[in-house]
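Chemist: Need coordinates for the following:
(chains A and B)
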Amino acid sequence: MPSPALLVSVPLIVAALLGALRRLIPRWIADLLAVLTAGGNLGLSCWWLAHALERTEVYWFGGWFPRGRMALGIGFTMDGYGCGLAALAALLTTLALIYSWKHMEGAGGHYHPLMLVFLAAMSGFAVSGDLFNIFVFFELMSTAAFALCGLKTREPAPLAGAFNFAVTNSVAAFLMLTGIALLYSATGALNLAQIGLALAGRHDRLVLAAFVFLTTGFLVKAAEVPFHFWLPDAHAVSPTSVCVLFSGIMVQLGLFGAMRIYATVFQGCFAGTKIPWLFVVTGAVTAVWGAMMCFAEHHLKRLLAFSTISHTGLMTLAFGLWTKAALAGLFVYVVAHGLVKAGLFLCAGILLHRFETMSEPALFGRGRALRGTAPLWFLGGLGLAAAPGFALAVGESHVTDVAPWAEGIFFIAGALTGAAVLRVGFRVFAGLGDAGPVDRAARVDEKPETTDAGWRVNPVQYVPAVVCIGGCIALAFWKGMTQVAGSAAASFMNFRGYAHMVYAGATVIPAAEAHGWLAHGWLAAGLRALAAVAISLWAVLHLRVPRMLRWPSHLEGSMKPVRELQSGHPGDYVAWLTVGCAVLGAAAFWLVL
Amino acid sequence: MKRSHRLWLFAVGALGMGFVYCAGARNLPPWGQYRGPYGDAIAQLAVYERHTTDTVNAVTYDYRGFDTLGEEFILFSAVTGVMLLLRPEKQDSGGKRDEKGGNPASFRDRAALSETVQMFTTAIFGFAVIFGIYMATHGQLTPGGGFQGGVILAAAPMLLYIAENTEAFQRIVSHPLVEFLEGAGAAGYALIGMAALAMGAAFLTNVIPLGTTGDVFSSGTIAAISACVGVEVAAGFTLIIFEYLREILSQKKNEEP
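Modeler: Purely as a prediction, here's the structure:
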């Protein structure tokens, strides 16, 4: 049985060695080693995912098994959800590294070590069963991410973007630490299972305060409204391969952190209360807000970043429903969304490489020459709308099966974000209509990270995008996916099973059924896709529509007062963060006490 | 957003957060009533199980050594990040700030210090090195360890800079060996953990003989890891100091002419 420790230790060792020998190692060896390491992580986490469908196991570092109920050391809990996310992180890192093969010359050999540290941190975060260890990996993930975000230091914008990212996420880390301290002083434990058992259903003010601070910390990473301001700024300036990881997995891991502590520490405390509704409401607001901002955006990377906010809102909503079916749907949704979003960012990267701009008006009609990128982009747009034939629709159908009213939120978010991407597609790749409105953000120009920019696109750059979009479609037709998700969700929600694994070493997981497509999903998915196409064409061809009926172009051009909130000043972002935390706290106190 | 609006918004939010915190803290165990059994257990176990008299280091490098591995790599990636963000612009092609970058010719562009300062700093240079090494190698016995020792060691080149033997300072800190040591120290920690895996035990299991309690060569991997961390921290801090100094000096150089 391969050791789960390898998930973290191998990328770290390779990163340290690449850093130590960065002046000696030729570029291609660094590329190769990094891709192989990430690929190894992918294989290992898939192995553990397959294993976790039958038995979830705990791995104690240093051989420090618990004494009685006290966990002496740190344990990795290899359950389906964690291993699945670790696998997604490894897959996206592999693809991002393949995409950036031979690029990033300016980074002076620092790029690969940081990417591998980032991967190690994400893998450890996904499977750790220790509250403080989760915090350590949260910090490690952030530190690597800040540096990668500011990689293109020759422009002033990246430093500002990376700075906002660093400030807001550091505040989040302080809040988490406060929550950890409160829990530790109440229980004397850091192991998630041990804390959960020690709290024993207690839900007084102390537990609520800890819950509020920890959850706020994770939701900042998950970019929920009003903690989301850092995300578009960070995405707009990051290199493409880094955007893939930010949007595809890092943000979702933030949400997963909140889910993990809820499932283990707080589930028993808040059983029978309406606390999960906090997540439903937050998620719904975020989904709609993000979708509207996404449609109003004309900087391609910022547009995709807002769609990430919107879709992470949908995921948060699904988490708040807190049923097995919803969590299974969420699992499928996270994987599928990660693939589609990665594919879209990779396409945007190709546009950036070829035309050295990310502004939709500036790219108008210029994409006609890129015959390979256009279909990928349109498929990605349909994928974001969760059209039939994409795995997002499968996940969505499982979530809305539990809560049919959520169909409306999914419809708004899916149709608007899909329409935004398709609108860009029609303008850039087909040259339909006119160039569209110009906004301030779209005018901020970005230098490509490639050194031979403007020249032909290297065929290797297409491979990851094809894998992503193709993978998302293939997953929709693989029956086993829903089985994996069902099993992962069932064991994730079962705190008794989790505690049994921690203290007895392993828990046997009953086999889950494969559900595949749910019938009602087809109709909803078809309608959503049609709406996305219709809205995008409506927006693109707005001049041929009577003035009274130009709603999409109003939405596209008139969100000004709302968009001013996205001021780029870190002080504003932190002020909103504190308000969000206070509101969350007030709501939690009101719901429980 | 206007400054005053921002401050009001923050005040409202901070008030709410403060309320949540105070409400939560009121339910904490009373002052002085420690309810954590973990500390008591470790204080009893560490000496017998790990032959170490400093239980704090037993926790950081053994019981919860995996956390410290993460912490060490936080430092590693922070150092890498600083080097990345402050890298000389000449590596980029066609950048706007090209003319600003590059290595400043020398660090010697300051008024000379008094002889007292020079003599004093030169004199304590040796002490700093020895004390740093002592700290990094005696973590298993007395308070201290790799992190503390490493920081003290990194102070030694700074003393050279203060004493204005700047040539020596530059020769020490700009050497590729420093970068190598930083990476090697970080990798060393993880490799010690891998050694246990190779021997069939769990990652970071203490597989080196534990020795006699109170001896310098005791406590197995705790001492070895502490030494690795010392190397990494010393090299890492040296690199950070060097990068910042270079940035400051190259800015100064651009302002003057």
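Chemist: any low-confidence regions in the stretch 101-250 of chain B?
Modeler: By pLDDT under 70, the low-scoring segments of the stretch 101-250 of chain B are B:101-113, B:165-166.
Chemist: Show me what residue of the stretch 201-350 of chain A gets nearest to chain B.
Modeler: A:Ala209 (2.4 Å; CB to the nearest CB). In short, each C-beta sits where N, CA and C put it, glycine included.
Chemist: and that residue, what does it touch?
Modeler: Applying CB atoms under 8 Å, 6 or more residues apart in numbering or on different chains to A:Ala209 gives the contacts A:179, A:182, A:585, B:20-21, B:23-25.
Chemist: Using the three-state scheme, assign the nearest residue to it once chain neighbours are set aside.
Modeler: Using CB to CB, 6 or more residues apart in numbering or on different chains and skipping the chain neighbours, the partner closest in space to A:Ala209 is B:Gly24 (2.4 Å). For B:Gly24, the assignment made with DSSP: H, G, I helix; E, B strand; the rest coil gives helix.
Chemist: The one 5 residues further on now?
Modeler: B:Pro29 carries the three-state label coil when classified by three-state DSSP.
Chemist: my read: it touches A:Thr187, true?
Modeler: No - here B:Pro29 does not reach A:Thr187: they are 10.2 Å apart, not a contact under CB atoms under 8 Å.
Chemist: Can you pick out the residue with more neighbours from the two?
Modeler: A:Thr187 (24 against 13; other CB atoms under 10 Å in any protein chain shown).
Chemist: that's a helix at the residue of the stretch 201-350 of chain A closest to chain B, yeah?
Modeler: Yes - A:Ala209: assigned to a helix according to three-state DSSP.
Chemist: now stretch A:263-272, how far from the chain's geometric center?
Modeler: 24 Å (CA atoms, centre = their mean, to the nearest Å).
Chemist: Can you show me the strands along the stretch 401-550 of chain A?
Modeler: A:506-508 (DSSP state E, counting those that start in this stretch).
Chemist: Point out where it drops to low pLDDT.
Modeler: Using pLDDT under 70, the stretch 401-550 of chain A drops low at A:439-455, A:516.
Chemist: Skip the chain neighbours and tell me the closest residue to A:Ala525.
Modeler: Closest residue to A:Ala525 apart from its sequence neighbours, by CB to CB, 6+ apart: A:Ala393 at 3.9 Å.
Chemist: Next, count neighbours for A:Ala506.
Modeler: Neighbours of A:Ala506 (other CB under 10 Å): 15.
Chemist: And it, how far from chain B?
Modeler: 15 Å (CB to the nearest CB, to the nearest Å).
Chemist: tell me the contacts of that residue?
Modeler: Going by CB under 8 Å, 6+ apart, the list of residues near A:Ala506 reads A:55-58.
Chemist: Ok, A:Leu6 next?
Modeler: In this structure, A:Leu6 makes contact with A:40, A:44, B:197, judged by CB under 8 Å, 6+ apart.
Chemist: Counting only helices, which of these make the cut?
Modeler: If you go by DSSP state H, those have A:40, A:44, B:197 in helices.
Chemist: Quick check: the last one touching A:Ser3?
Modeler: Yes - in this structure, B:Leu197 is within contact of A:Ser3 by CB under 8 Å, at 5.6 Å.
Chemist: shared neighbours of those two, which are they?
Modeler: Taking CB under 8 Å, 6+ apart as the criterion, B:Leu197 and A:Ser3 both touch B:Phe203.
Chemist: In the stretch 451-593 of chain A, what residue comes closest to chain B?
Modeler: Closest point on the stretch 451-593 of chain A to chain B, by CB to the nearest CB, is A:Ala582, at 2.4 Å.
Chemist: circling back to that earlier point, closest to chain B among the contacts of A:Ala506?
Modeler: Chain B lies nearest to A:Val58 out of these, by CB to the nearest CB, at 11.0 Å.
Chemist: what's near enough to touch residue 30?
Modeler: Using chain A. By CB under 8 Å, 6+ apart, the residues touching A:Ala30 are A:18, A:22, A:109, A:112.
Chemist: Just give me the neighbour total for the closest residue to the last one other than its chain neighbours.
Modeler: The shortest distance from A:His112 to any residue that is not its chain neighbour, by CB to CB, 6+ apart, is 4.4 Å, and that residue is A:Ala34. Applying other CB under 10 Å, we find 27 residues neighbouring A:Ala34.
Chemist: now B:Thr212
Modeler: 10.
Chemist: How about A:Ala374?
Modeler: 17.
Chemist: Please name the nearest non-neighbouring residue to it.
Modeler: For A:Ala374, the closest residue by CB to CB, 6+ apart turns out to be A:Phe429, at 4.0 Å.
Chemist: quick one: low-confidence parts of the stretch 51-200 of chain A?
Modeler: A:104-106, A:154.
Chemist: now the strands for it?
Modeler: A:55-60, A:75-78.
Chemist: List the neighbouring strands of the longest one plus their orientation.
Modeler: In this case it means strand A:55-60. strand A:75-78 (antiparallel), strand A:506-508 (antiparallel) (DSSP bridges).
Chemist: Now do the buried residues in the longest one.
Modeler: By neighbour count with 16 or more other CB atoms under 10 Å in any protein chain shown, strand A:75-78 contains the buried residues A:75-78.
Chemist: mind checking how far that strand is from the chain centre?
Modeler: 22 Å.
Chemist: The shortest one now?
Modeler: Its chain's C-alpha centre and that of strand A:506-508 lie 29 Å apart, by CA atoms, centre = their mean.
Chemist: do the same with stretch A:234-244
Modeler: 13 Å.
Chemist: and if you look at stretch A:205-217?
Modeler: 22 Å.
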